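>>> Turn this into a structure:
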Amino acid sequence: MLAELALYSDRLFFGAVVVYVLAMVLHGGEYSRRRSERVALVGAGAAGSDDAPPADGPDARPRRDTAERLGRMAVALTVLGAGLHLASLITRGVAAQRWPLGNMYEFTSAICVAAVVTWLVLLRRSPASRPLGLFVLLPVLLLQFLAGTVLHVPAGPVVPALQSYWLSIHVTTIAVSSGLLLVPGVASALYLVRRTGRSNAVLDRLPSAPALDRIAYRTTIIAFPLYTFAIIAGAIWAEAAWGRFWGWDPKETVAFVAWVVYAAYLHARATAGWRTGAAAWINVLGFAVMIFNLFFINMVVAGLHSYAGLG
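Numbering: from 1, shown residues only. Coordinates of the predicted model:
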């Protein structure tokens, strides 16, 4: 029975990947239809003839409706993918008979589902941010590909050192806050591109640079306290497990560096002269440090956290 649940978990994970890919394709189709609409309208305006259909005429409306429909379908598929994704984690936990965050595969999967749910909540509050979905799903799919191939391990028990209630507290808050921080990392990167004034069919569909900056700032404000709590919880767990709160283990050190970078971002965002481009660069740096900590520190550098493969 447990082996079957583990198999179902893997299939649900794969199903979530497939659905996310389809959602990305539909987002791309939405961009394409919007571009076709603009080209058609510009061509009609340039022709200046009585035969050219007006912008709101019957020939233009189907194009707008198609783009809108594709965007809504992409969001619906993303919701479905998040449901499958979450179900894969739940069935994984039941199959392993523990909290499903005991290795890098599970931890990376949890980060991805947290990022997708964060974007869906953001979309609920700000429907105009829908074009951002394509760029949120891209790193999510990259992480899921790595999780499902390189990092995947069979469901099973964890080592004795991880058999603690702190696993569900510390690792869950780290995973959720990391997923939350993925969204502002993407938003700040797109903000830096938007503020250069470049124009193409994809960038023109994105929210404005100020809107992207607000998305990054407001999401980081929520994620930063959670990440802070996760580090504190990790220190308490370290004292119980290893007899000290902090030992400058590579994992602890880079996690603290990421905390300092995000604290610097929030400070810069509230400081005149830094709140635009400079703050966005700091936020992107923070996201890069998180990714570095997730993969390089966990998989290359030896330390007290190496046995766990945890984030």
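>>> Now the residue positioned nearest the centre of the chain: which helix or strand?
Nearest residue to the geometric centre of the chain (CA atoms, centre = their mean): Ala115, 3.4 Å. Per DSSP states H and E, Ala115 falls inside helix 104-125.
>>> and Asn200, helix, strand or coil?
Using DSSP: H, G, I helix; E, B strand; the rest coil, the structure places Asn200 in coil.
>>> Distance check, it against Ala211.
Asn200 sits at a distance of 18 Å from Ala211 (criterion: CB to CB, to the nearest Å). Where you see a C-beta, it was placed from the backbone N, CA and C, and this is true even at glycine.
>>> quick one: buried residues of the helix holding Ala115?
104-119, 122-123 (16 or more other CB atoms under 10 Å).
>>> can you give me the helices for the stretch 101-250 of the chain?
Ranges of helices in the stretch 101-250 of the chain, per DSSP state H, counting those that start in this stretch, are 104-125, 133-149, 166, 172-194, 209-242, 250-269.
>>> These: which one's closest to Leu26?
Taking CB to CB, helix 133-149 is the member of the helices of the stretch 101-250 of the chain nearest to Leu26, at 9.3 Å.
>>> was I right about Ala110 contacting Leu89?
Yes - taking contacts as CB atoms under 8 Å, Ala110 lies within contact range of Leu89: 6.3 Å.
>>> Now the common contact residues for these two.
Pro100 (CB atoms under 8 Å, 6 or more residues apart in numbering).
>>> average model confidence for the helix holding Ala115?
Average pLDDT, helix 104-125: 93.
>>> From the chain's centroid, how far away is it?
6 Å (CA atoms, centre = their mean, to the nearest Å).
>>> Equivalent analysis for stretch 135-155, please.
Centroid separation between stretch 135-155 and its chain, computed with CA atoms, centre = their mean, is 12 Å.
>>> and what of stretch 96-114?
That offset, for stretch 96-114, works out to 15 Å (CA atoms, centre = their mean).
>>> Endpoints of it, how far apart?
21 Å (CA to CA, to the nearest Å).
>>> picking that back up, tell me which of the helices of the stretch 101-250 of the chain sits most buried.
helix 172-194 (a mean of 24; mean count of other CB atoms under 10 Å).
>>> same for that helix, what does it pack against?
Packing contacts for helix 172-194, counted by 3 or more CB pairs under 8 Å, 6 or more residues apart in numbering; DSSP states H and E, involve helix 104-125, helix 133-149, helix 209-242, helix 277-292.
>>> centre of the chain versus it, how much separation?
Taking CA atoms, centre = their mean, one finds helix 172-194 lying 6 Å from the centre of the chain it belongs to.
>>> how much does that helix deviate in direction from helix 104-125?
Angle between the axes of helix 172-194 and helix 104-125 is 60 degrees (criterion: axes from the mean of the first three to the mean of the last three CA atoms, to 10 degrees).
>>> quick one on the thing from earlier: are there helices or strands packed against the helix holding Ala115, and which ones?
Short answer (3+ CB pairs under 8 Å, 6+ apart): helix 104-125 packs on helix 61-96, helix 133-149, helix 172-194, helix 209-242.
>>> Of those helices, which is nearest Phe256?
helix 209-242 (7.1 Å).
>>> chain center to that closest one, what's the gap?
Counting by CA atoms, centre = their mean, helix 209-242 is centred 14 Å from the centre of its parent chain.
>>> Does anything pack onto that helix? Which helices or strands?
In terms of contacts (3+ CB pairs under 8 Å, 6+ apart), helix 209-242 is packed against helix 104-125, helix 166, helix 172-194, helix 250-269, helix 277-292.
>>> need these in TSV with distance to Phe229, can you?
Below are the helices and strands packed on helix 209-242 laid out as TSV (distance: least, CB to CB, whole Å):
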stretch	distance to Phe229
helix 104-125	15
helix 166	12
helix 172-194	6
helix 250-269	11
helix 277-292	16
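>>> And those helices: which comes nearest Tyr217?
When those are compared by CB to CB, helix 250-269 sits nearest Tyr217, at 5.4 Å.
>>> Surely Ile282 and Ala263 touch.
No - look at Ile282 against Ala263 with CB under 8 Å: they stay out of range, at 9.8 Å.
>>> Looking at the helices and strands packed on helix 104-125, which is nearest to Ser9?
helix 61-96 (4.1 Å).
>>> Just the buried residues of the closest one, please?
Under the neighbour-count criterion of 16+ other CB under 10 Å, helix 61-96 has 63, 66-67, 70-71, 73-75, 77-78, 80-82, 84-89, 91-96 buried.
>>> Thanks again, I'm all set now.
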